[in-house]
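K.L.:
next come a sequence and a model predicted from it.
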Amino acid sequence: MSRIGRMPITIPAGVTVTVNGSEISVKGAKVELKRTIHPNMTVSVEGDQIHVTRPNDEKQNRALHGLTRSLIHNMVVGVTDGFKKELDVNGVGYRVQKTGKDLVMNLGYSHQVVVSEVDGITIECPTANKIIISGPDKQQVGQFAAEIREKRPPEPYKGKGIKYSDEHIRRKEGKTGSKKK
């Protein structure tokens, strides 16, 4: 059995989970998430717990077992607490600000880079060099954060660019100059 797949998911108070064939819907206080899972996986709601089972020990079913359980668990966590990613902007003259629903970034280009909020995603800029992206869907939050980071990835010499707050940039040593004999 999969160590992750066999663990039950506890449903917190105020969250309702409905299973309709291979369609799973998790509804919280403010938001509802829906996902279609693989038809081989069986999801059952028993009291305040969700159980995911697989039909046999084929390789694909073993892989899907843990994956399906993790996806459902992320949906439950998303409707209760939500997910967030923090990005840091490093560099002289690099700054970000929120204008309405747009994120306006000065990243050393000859123009400003403007990114608009997507449905289900919230962008915050507490300071001129910090971006906080939050939302209920873990995959969507991570993808949006990756797209923003892609606008100016950190470079290894001075560390300028957009990086995740918990990311460590490996620095390189610059040129040492010519050696004269």
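P.N.:
Yep, that arrived. Numbers count the residues shown, from 1 in each chain.
K.L.:
tell me how many other residues crowd the closest residue in space to T42 that isn't next to it in sequence.
P.N.:
Leaving aside its sequence neighbours, T42 sits nearest to T53 (CB to CB, 6 or more residues apart in numbering; 4.7 Å). (Glycine included, C-beta is placed from N, CA and C.) Applying other CB atoms under 10 Å, we find 15 residues neighbouring T53.
K.L.:
repeat that for Q143.
P.N.:
13.
K.L.:
cool, and R171?
P.N.:
R171 has 12 nearby residues by other CB under 10 Å.
K.L.:
now it: how far from K34?
P.N.:
44 Å (CB to CB, to the nearest Å).
K.L.:
can you pull out the helices in the protein?
P.N.:
If DSSP state H is used as the criterion, the helices of the chain fall at 59-80, 138-149.
K.L.:
those helices: which one's closest to M7?
P.N.:
With CB to CB, the closest approach to M7 among those belongs to helix 59-80: 6.8 Å.
K.L.:
these two touch, right, G135 and V79?
P.N.:
No. G135 is beyond contact range of V79, at 11.0 Å (criterion: CB atoms under 8 Å).
K.L.:
circling back to that earlier point, and the pLDDT at the residue nearest to T42?
P.N.:
Note on T53: pLDDT of 92.
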